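Enquirer: Provided below for reference: sequence and predicted model.
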There are 2 protein chains.
Amino acid sequence: MIKQYLLSPGPTPIPNEVQLAMARTMIHHRTPEFAAVLEEARQGLKPLFGTANDVIIFASSGTGAMEAGVANLFSPGDKVVVVNGGKFGERWLRICRAYGLDVVEIPVEWGTAVEVSAVERALQANLDTKGVLIQASETSTTTLHPVREIAALTRDGGPLLLVDGVTAVGVLSMPMDEWGIDVLVTGSQKALMLPPGLAFIGLSDRAWQRTAETGSPRFYFDLNSERKGQAKGSTAYTPAVSLVFGLCAALKLMREEGLERVYARHDRMARATRAAVSAMGLKLLSPDNPSPAATGFYVPDGSDGDALLDYLRAHMGITLAEGQDHLSGKVIRIAHVGHMGAFDVIVAVSALEMAFRKFDLPVTLGKGVAAAQDILMEALD
Amino acid sequence: MIKQYLLSPGPTPIPNEVQLAMARTMIHHRTPEFAAVLEEARQGLKPLFGTANDVIIFASSGTGAMEAGVANLFSPGDKVVVVNGGKFGERWLRICRAYGLDVVEIPVEWGTAVEVSAVERALQANLDTKGVLIQASETSTTTLHPVREIAALTRDGGPLLLVDGVTAVGVLSMPMDEWGIDVLVTGSQKALMLPPGLAFIGLSDRAWQRTAETGSPRFYFDLNSERKGQAKGSTAYTPAVSLVFGLCAALKLMREEGLERVYARHDRMARATRAAVSAMGLKLLSPDNPSPAATGFYVPDGSDGDALLDYLRAHMGITLAEGQDHLSGKVIRIAHVGHMGAFDVIVAVSALEMAFRKFDLPVTLGKGVAAAQDILMEALD
């Protein structure tokens, strides 16, 4: 039995306070008790989304909320521009195609952010575009896309902007009302420090308006039935009650820490991790636009990243994330999202150094750790 | 602070063993550890569904699995026969209409079961029917429909039979392979003794075949992507990990009790409750085809069922369920599904008697209780 450290970009570790809240005695979901819980959750989500509008809660994974955005806002044949710079960009693409949309794809090299000008050109070449779909943080490539700048192109009468914020909401400031994001989506198992099983979606006024005018077949993910129900203290269908208990506890923890400090902590952990892997002589997967949710890096040429990951998990109790598709075996990702702090970075980096030594890869023990420490010290008075 | 008794037909009380399993340290879902958990759950579900085929697990409420059945098995314009004898029959209807199916409705008076001959006539009058949709146990009216007899009409080349088994699977024997049910659906928060948040769907061979040939736009609820993923030890999208931990614990509890004893316990609790409310002089909502999952009854003329329910909850800590739609205020439902036993029946009946006394309704304290005791004694050696 080795002590386990879950340092993957979701699921993420659960705070005891959240665990205890989820163990609260089960209640019926059509009661004043549950209505009060739901209302607390609804209000608590708004600052995270930076919106005065409703944030809808679904019992599903984050993908369900992505699908809700597509199914409620577009009709078959509608033209959309999809930024595809990783596994989750690809997911937008697949959802849009499943719904018969006319997709203009902007392929982006994995590990780089989309150029704002590329989106601008796509919109100019496709004046009938109804929506732009993008990730804020593309988890698979640990890259941030310039959502704020793209929102400046789409707001004020342009196409709707749908943002997958699964590893962004609660990690960095994503004020959807201020920036002009029309749809912002996240899941429970990232910054919100919950088990997987809840998805969240916030909509702008014009997006809500669009739901009334258009859409594809939908039922479970129908945004208007949920909005109507949740405003009255219940969900359209049975909610994941225990996870909603946990959500309230998680939101309380985030309020107590203060959102600005939550964002600064994620930023600091990410900078420390990047400094550490750079000090180890490793190449970052996303050097120019790195996400504060996770840090990807290439393993040394000729080494096997997946073998390293297996060793880290089996012998050291450390779960990091793999590279996907063509990056498989070449890349490792260290997450710093949710219920994590300075010493999770230290654990990840020191474990990596020790695994490198075990695998006879070039490494100076403690060198990466020192680089991380240097940055993590910032938080100390 | 009053001790709480949750006696509604879902969510239902959570056993400590399940609660503890859900509090297990979070793990990543793309690991051998989770694959082992998922495989245990998958195998454990098969006896409950009485199938040798895969049972697919979704992170959603049961409604999601109902929608999955409709979206994967029918194309817009397909003709289906829907038995509508309550709120959940209505839900099949609404899902089918949301997907643009051509719906032949068989309306059934609330509290009665559909006549097999009515289904037979509908099928004879609509030879192009692609599917029949029904509840096994219509929770809103505490009524059992004759699913086995209807399956005898549809199997062997007839239309597909889709059964909402949300308050039936795990409550009574529903051997889908033996009876010829094509789609059987349930949710986590009933007989499976879990919080809400998981849905389950089993398919016959011919239903799986149909998914390859037909269907409406779908992504999150795409059965084939899930089947492919889950057979390989993971889900297509992030699973509700903690609920799957709990599922394994709940299935283990059910195996230890023995499914036949689980079914007998539900049947006995239901018979005891029916005997009790009858002894109290109350009229059963579903006298001829009562469900073993819950017992509905009319409150005395001129009394207000919802006021009784409010009093029971606020002053006695007892949560029962209300009558819905035109039965609102006229009907109360007592559930006996999931983690419940003899003394939950005693609690419900005695509380009801005491509330009747408080409301100056005709009642002899202990009379309903005695009738229940008489039946519950059967289980004692």
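Expert: Good, I have the coordinates.

Enquirer: just for chain A, where's the confidence low?
Expert: Scanning chain A for pLDDT under 70 picks out the ranges A:1.

Enquirer: out of everything not next to it in sequence, what's closest to the spatially most central residue of it?
Expert: Central residue check for chain A by Cα atoms, centre = their mean: the C-alpha nearest the mean position is that of residue A:167, 1.6 Å away. Leaving aside its sequence neighbours, residue A:167 sits nearest to residue A:293 (Cβ to Cβ, 6 or more residues apart in numbering or on different chains; 3.8 Å). Where C-beta positions appear, they are placed from N, C-alpha and C, glycine not excepted.

Enquirer: before we move on, what about residue A:76?
Expert: Nearest non-adjacent residue to residue A:76, counting by Cβ to Cβ, 6+ apart: residue A:100, 3.7 Å away.

Enquirer: next one: residue A:231
Expert: Spatial nearest neighbour of residue A:231, excluding adjacent residues (Cβ to Cβ, 6+ apart): residue A:54 at 6.7 Å.

Enquirer: now the strands for chain A?
Expert: Ranges of strands within chain A are A:5-6, A:55-59, A:79-84, A:102-107, A:129-135, A:137-138, A:143-144, A:160-164, A:183-187, A:198-203, A:294-298, A:318-319, A:321-322, A:331-335, based on DSSP state E.

Enquirer: Would you map out the domains in chain A?
Expert: Taking automatic domain parsing as the domain assignment, the ranges for chain A are A:16-256, A:258-379.

Enquirer: Count the residues that sit near the residue of the stretch 201-350 of chain A found nearest chain B.
Expert: Proximity of the stretch 201-350 of chain A to chain B (Cβ to the nearest Cβ) peaks at residue A:240, 3.3 Å away. Counted with other Cβ atoms under 10 Å in any protein chain shown, residues neighbouring residue A:240 total 33.

Enquirer: Quick check, it in contact with residue B:196.
Expert: Yes: with contacts counted by Cβ atoms under 8 Å, residue A:240 reaches residue B:196, the gap being 5.3 Å.

Enquirer: overlap in contacts of the two?
Expert: Counting by Cβ atoms under 8 Å, 6 or more residues apart in numbering or on different chains, the residues touching both residue A:240 and residue B:196 are A:59, B:61.

Enquirer: Can you tell me what sits against the longest helix anywhere in chain A?
Expert: Longest helix in chain A, counting residues (DSSP state H): helix A:259-279. With Cβ under 8 Å, 6+ apart as the test, helix A:259-279 has contacts from A:47-48, A:170-173, A:191, A:254, A:257, A:284, A:290-295, A:297, A:334, A:336-337, A:340-342, A:344-345, A:348-349, A:352, A:367-376, A:378-379.

Enquirer: Next, the buried residues of that helix.
Expert: Neighbour-count burial for helix A:259-279 flags A:262-266, A:268-279 (criterion: 16 or more other Cβ atoms under 10 Å in any protein chain shown).

Enquirer: how far out from the middle of the chain is that helix?
Expert: Distance of helix A:259-279 from its chain centroid, counting by Cα atoms, centre = their mean, to the nearest Å, is 16 Å.

Enquirer: ok and it relative to strand A:331-335, angle-wise?
Expert: Per axes from the mean of the first three to the mean of the last three Cα atoms, to 10 degrees, the angle that helix A:259-279 makes with strand A:331-335 is 150 degrees.

Enquirer: can you pull the alpha-carbon coordinates of helix A:259-279 into PDB?
Expert: Provided in PDB are the C-alpha atoms of helix A:259-279 (Å, rounded to 0.1, in the frame of the first residue of the first chain):
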ATOM      1  CA  LEU A 259     -11.300  33.700  -5.900                       C
ATOM      2  CA  GLU A 260      -8.300  36.000  -6.600                       C
ATOM      3  CA  ARG A 261      -6.200  33.900  -4.400                       C
ATOM      4  CA  VAL A 262      -7.500  30.700  -6.000                       C
ATOM      5  CA  TYR A 263      -6.400  32.000  -9.400                       C
ATOM      6  CA  ALA A 264      -3.100  33.200  -8.100                       C
ATOM      7  CA  ARG A 265      -2.400  29.800  -6.500                       C
ATOM      8  CA  HIS A 266      -3.100  28.000  -9.800                       C
ATOM      9  CA  ASP A 267      -0.900  30.500 -11.700                       C
ATOM     10  CA  ARG A 268       1.900  30.100  -9.100                       C
ATOM     11  CA  MET A 269       1.800  26.300  -9.200                       C
ATOM     12  CA  ALA A 270       1.900  26.300 -13.000                       C
ATOM     13  CA  ARG A 271       4.800  28.700 -13.100                       C
ATOM     14  CA  ALA A 272       6.700  26.700 -10.500                       C
ATOM     15  CA  THR A 273       6.100  23.500 -12.500                       C
ATOM     16  CA  ARG A 274       7.200  25.000 -15.800                       C
ATOM     17  CA  ALA A 275      10.300  26.400 -14.100                       C
ATOM     18  CA  ALA A 276      11.000  23.000 -12.600                       C
ATOM     19  CA  VAL A 277      10.700  21.000 -15.800                       C
ATOM     20  CA  SER A 278      12.700  23.700 -17.700                       C
ATOM     21  CA  ALA A 279      15.400  23.400 -15.100                       C
END
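
Enquirer: Can you tell me how far the residue nearest to residue A:167 is from residue A:144?
Expert: Here the criterion is Cβ to Cβ, to the nearest Å. By it, residue A:293 lies 9 Å from residue A:144.

Enquirer: in stretch A:24-34, what counts as buried?
Expert: The neighbour-count check on stretch A:24-34 (16+ other Cβ under 10 Å) flags A:24, A:26-29, A:31, A:34 as buried.
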